[in-house]
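J.: below is the sequence, then the predicted model.
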Amino acid sequence: MLNNTTTTKLHEMKLSAMATAFRHQSETDGFSELSFEERFGLLVDAEWTSRRNNRLTRLLKKAGFSEPGACLEDIEYHADRKLDKAFITRLGSCNYIDENHNVIILGATGSGKTYIANALGVTAGRNFYPVRYVRLPDLLAELSIARAEGNYRKVMKGYRQARLLILDEWLLYPLKDSEARDLLELTEARYKKASTIFCSQFDVGGWHQKIGEATLADAICDRIAVMSEGRVQQVGTPMELYERPQSMFVAGFIGSPKMNFLNGPFADKFGANVVGIRAEHLEVTPGGNGAWSGKVIYSENLGSDSYVYLDVGSTEPVIVRQSGKATYHAGDTLSLDNRAARRPDAATALRQRRNYSAVDEKNISGWSCFGRVTVRRTADMVRLRRWAEAG
């Protein structure tokens, strides 16, 4: 009778797991041999475990994952995906959340961005971080409806307070002014206070254009930090990171495809250990009469654009991005020219600076040199800065 009364009181105090464990102890002979402290400890453990599991279930359910079964262990690291397993494993530690850093996942449709983002979110949820997953179009629609219904602040508060916010289909289409202002309020509220994962099909360099109004775009994209091996490599807006990379890591991280890197004799003539140029700053023509030439390895047609992969004698192939369909075949010899160098203000701007007597002004514009040369950016060319690790 006494045990039944105790069990009832435990249920009334919402200690259901402890009540169930107490009833189990009362009905099992072996527990009578344990001390009071041992039996009470088992009751507390049962209640603590139950509450912890219930909390985890609520967190994962509230997150609204599109793929709740995603996990980091199931990510496939095929060579063509070019995923850094060690880096993703480090993200699984959730240190970036503790440090309020953001993660940007870029890739074409079907490349697995959403799965990776969900896997990172599930991992964070299992570590008891409040997580929210939402498609940006759905978020903007929800905020618009909330404003009309008068509960805008309540809805926005839910997204502001998430320790990790996953924004899928980021900037899938150009934003209206009202939508850009909603994003500004959200990003401003979360700045240096929480972490956000951005999943986008579009390169970071094109985000300003998608956002629209320049002032809002600068405010939303301000202070994106690029990290490697736990160290901040560069901090700045997406356009600053894209146009003025301060290291090879940043230059390779921002941009799709990543910046071409060349070493050897070609880099030597620039007085650098490594030189880099964006795929969109190059153009190719049939024949070998250009500034330099290479042989086609293969071409990749992506609809409105094409990537042409060329062997120029460097460690890695050079990628050229061009409009329309590529009609070149493996083995074709093509001339390469730096279209950035032909800007009328490029050579003039360089001549206004000092200590460039050993630099060929016709070729330096548009190039990033990592090693022994330090040059500031001119017009829409890349700023060239010393990269200490290069040599």
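T.: Received, thanks. Numbers count the residues shown, from 1 in each chain.

J.: drop to CA atoms for contacts and neighbour counts, all remaining ones
T.: Noted.

J.: how about the helices of the stretch 51-200 of the chain, start to end?
T.: Ranges of helices in the stretch 51-200 of the chain, per DSSP state H, counting those that start in this stretch, are 85-91, 95-98, 113-126, 136-149, 152-160, 177-190.

J.: shaky segments in the stretch 151-300 of the chain?
T.: Residue ranges of the stretch 151-300 of the chain with pLDDT under 70: 204-205, 218, 221-240, 266, 269-271, 288-291.

J.: tell me which residues touch the residue nearest the centre of the chain, please.
T.: With distances taken as Cα atoms, centre = their mean, residue 104 lies nearest the centre of the chain, 1.3 Å away. The neighbours of residue 104, taking Cα atoms under 8 Å, 6 or more residues apart in numbering as the test, are 197, 198, 199, 200.

J.: save these as CSV, and put in distance to residue 257 too.
T.: Output for those, formatted as CSV (distance: Cα to Cα, whole Å):
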residue, distance to residue 257
197, 20
198, 18
199, 16
200, 14
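
J.: got those as a markdown table, with neighbour count and distance to residue 60 columns?
T.: Listed next are the contacts of residue 104 as a markdown table, based on neighbours: other Cα atoms under 10 Å; distance: Cα to Cα, whole Å:
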| residue | neighbour count | distance to residue 60 |
| --- | --- | --- |
| 197 | 21 | 17 |
| 198 | 21 | 19 |
| 199 | 24 | 20 |
| 200 | 22 | 23 |
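
J.: so residue 259 makes contact with residue 249?
T.: No - with contact defined as Cα atoms under 8 Å, residue 259 does not reach residue 249; the gap is 9.9 Å.

J.: and those two? which has more neighbours close in?
T.: Set side by side, residue 259 and residue 249 show more neighbours around residue 259, with 26 against 16, by other Cα atoms under 10 Å.

J.: would you list every one of the strands in the protein?
T.: 103-106, 131-135, 164-168, 195-200, 224-228, 231-236, 260-262, 274-277, 282-286, 292-301, 305-311, 318-323, 333-338, 368-370 (DSSP state E).

J.: among these, which is the most enclosed?
T.: Using mean count of other Cα atoms under 10 Å, the stretch among these with the greatest mean number of neighbours is strand 368-370 (a mean of 31).

J.: now that strand: average pLDDT?
T.: The average pLDDT for strand 368-370 rounds to 59.

J.: now stretch 46-57
T.: Throughout stretch 46-57, pLDDT has a mean value of 92.

J.: just give me how far that stretch sits from the chain centre.
T.: Computed by Cα atoms, centre = their mean, to the nearest Å, the separation of stretch 46-57 from the middle of its chain amounts to 33 Å.

J.: cool, stretch 249-260 as well?
T.: With Cα atoms, centre = their mean, you get 13 Å for stretch 249-260.

J.: repeat for stretch 26-38
T.: That offset, for stretch 26-38, works out to 54 Å (Cα atoms, centre = their mean).

J.: first vs last residue of it, how far apart are they?
T.: 14 Å (Cα to Cα, to the nearest Å).

J.: can you mark which positions in that stretch are buried?
T.: Residues of stretch 26-38 classed as buried by neighbour count (16 or more other Cα atoms under 10 Å): none.

J.: list the contacts of it.
T.: Contact with stretch 26-38 is made by 3, 25, 39, as judged by Cα under 8 Å, 6+ apart.

J.: same thing but at 6 Å, please
T.: Stretch 26-38 is contacted by residues residue 25 when judged by Cα atoms under 6 Å, 6 or more residues apart in numbering.
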